[in-house]
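# Just need the structure, nothing else, for what follows:
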Amino acid sequence: MAPVARIAALAALVLPLAALDADREFSGKWILEPGPTAGIIPAERFLTVVQNDSTIRCYASAPDGTQLEWSYALNGDESKYTFGEESRNSAAKWEGAALLVNTLVSGPQSYTIMDRWRLSRDHSALTITRQLVRASGQDEYSLVYHREGWTAPALAARPAAPPPAAGEYVVSAGTHILLALRNAVDTKHSREGDRVYLETVYPVFAGGRIVIPKGSFVTGVVSNSKQAGITSKGQLYIRFDSLTLPNGVTRDFTSRLANADTPNGKVDREEGKITGERDTGRDAKTTAQTAGMGAGIGGIAGSAAGAPMKGVGIGAAAGAAAGLAGVFTKHKADAGLPRGATVEMVLDRELRYQRSELR
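Numbering: from 1, shown residues only. Coordinates of the predicted model:
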């Protein structure tokens, strides 16, 4: 291979890796955005992260002023540390640019923490999506940190839309339109790019007349579909892209899902996605019992394999993790919409029609 061609080939390999490394670099001082996380264990207001190739080291202050310090090994090894009366065992691994951290907590209350760390595109924000699994149930929420000294950019004012011309009818941006789904979609069977077909349930009025009649056709696409895993929930993103009146007049646009009548998930209106949900009311007790049984069996196995106390600790942690994994595998939280489900879309832009198009 010629020297120039060799250099080009090496650059093609190195540049993507360099970009990926930048997306995996969490070092810095982070400040938690205010939100509904008060009282949730744990949510450090100020977080300092020091990272190298093998370890992520974290520093924070507890609400009582106690200085906290802990670390995650990036080679797959288990990290052990204590917070007050709690003993914690953490294991971390990379999933692309995201860091997944699973932590077993033992103490006055035993529970499991499952974290997913991810940087924003401009690396100014760190989002930690956290699941807490306790005997009483499961909670999920997001902690959003911004770098120290970061300020939000000013938003440019959107120019005002021109008024309707004579004989023109305008359906405003932000209009909510109720739709009925004509084909089922879910994270088990649907893949990115699959088409979604719907029709309007109620007419839409503008300028004193029906502009979009009941039974108008709407098409969309599955923009992303992620199946549920052992510790992750299924996620389904749907985007709407065209609306056709019964007379064939079509308008293209890009709109998001605002709501949906589905037993198989929870709708995030901001992102237009459906996230699967486990039946925590039924499974929480089973999860705790299964994890406890796993811990007991693991403790016995660990004791038989080595020194009694050390073996029990290691075996119990492994057994608890296996117990949790068994429950999550049995009750995966896939997301979906059945045929006939009602969904709501929000127009991202106005739709303009001439009188001649509404015959």
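
# Report pLDDT for the closest residue to residue 353 other than its chain neighbours.
Distances taken as Cβ to Cβ, 6 or more residues apart in numbering place residue 169 nearest to residue 353, at 4.9 Å, with adjacent residues excluded. Just so you know, the C-beta spots here come from the backbone N, C-alpha and C atoms, and that holds for glycine as well. Looking at residue 169, its pLDDT is 93.

# For residue 169, identify the helix or strand it belongs to.
Per DSSP states H and E, residue 169 falls inside strand 168-171.

# got it, and residue 251?
Going by DSSP H and E, residue 251 is part of strand 250-260.

# Residue 236 and residue 179: what is the separation?
In this view, residue 236 and residue 179 are 16 Å apart by Cβ to Cβ, to the nearest Å.

# The two: which is more packed in?
More neighbours surround residue 236 than the other of residue 236 and residue 179, with 29 against 25 (other Cβ atoms under 10 Å).

# Distance of the more buried one relative to residue 249?
Counting by Cβ to Cβ, the gap from residue 236 to residue 249 is 30 Å.

# Could you report the neighbour count for residue 337?
Neighbour tally, residue 337, other Cβ under 10 Å: 27.

# looking at the sheet around it, what are its partners?
residue 185 (DSSP bridges).

# mind giving me the domain split of this structure?
Residue ranges for the domains of the chain, per automatic domain parsing: 21-147, 180-277+335-358.

# so where's the stretch 1-150 of the chain shaky on pLDDT?
Within the stretch 1-150 of the chain, the ranges that satisfy pLDDT under 70 run 1-20, 35-43, 63.

# Break down it into its helices, ranges please.
With DSSP state H, counting those that start in this stretch as the criterion, the stretch 1-150 of the chain has helices at 3-23.

# phi, psi of the nearest residue in space to residue 53 that is not next to it in sequence?
Excluding the flanking residues, the one nearest residue 53 by Cβ to Cβ, 6+ apart is residue 74, at 7.1 Å. Backbone geometry at residue 74, expressed as degrees, to the nearest 10, gives phi -100, psi 10.

# wait, doesn't residue 74 sit right on residue 57?
No - using Cβ atoms under 8 Å, residue 74 makes no contact with residue 57, being 10.9 Å away.

# between those two, who's got more neighbours?
residue 74 (18 against 14).

# distance of that one from residue 121?
The spacing between residue 74 and residue 121, counted by Cβ to Cβ, is 22 Å.

# next one: residue 201
Counting by Cβ to Cβ, the gap from residue 201 to residue 121 is 37 Å.

# More neighbours: which of those two?
residue 201 (14 against 7).

# who touches the closest residue to the more buried one other than its chain neighbours in this structure?
Spatial nearest neighbour of residue 201, excluding adjacent residues (Cβ to Cβ, 6+ apart): residue 178 at 4.5 Å. Going by Cβ atoms under 8 Å, 6 or more residues apart in numbering, residue 178 touches 200-202, 342-344.

# Helix or strand: which one has residue 178?
strand 176-181.

# Partner strands of that strand and their direction?
Partners of strand 176-181 in its sheet, by DSSP bridges: strand 195-200 (antiparallel), strand 342-346 (antiparallel).

# would CSV of those with mean pLDDT be doable?
Converted to CSV, these look like this (pLDDT from 0 to 100):
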stretch, mean pLDDT
strand 195-200, 94
strand 342-346, 89
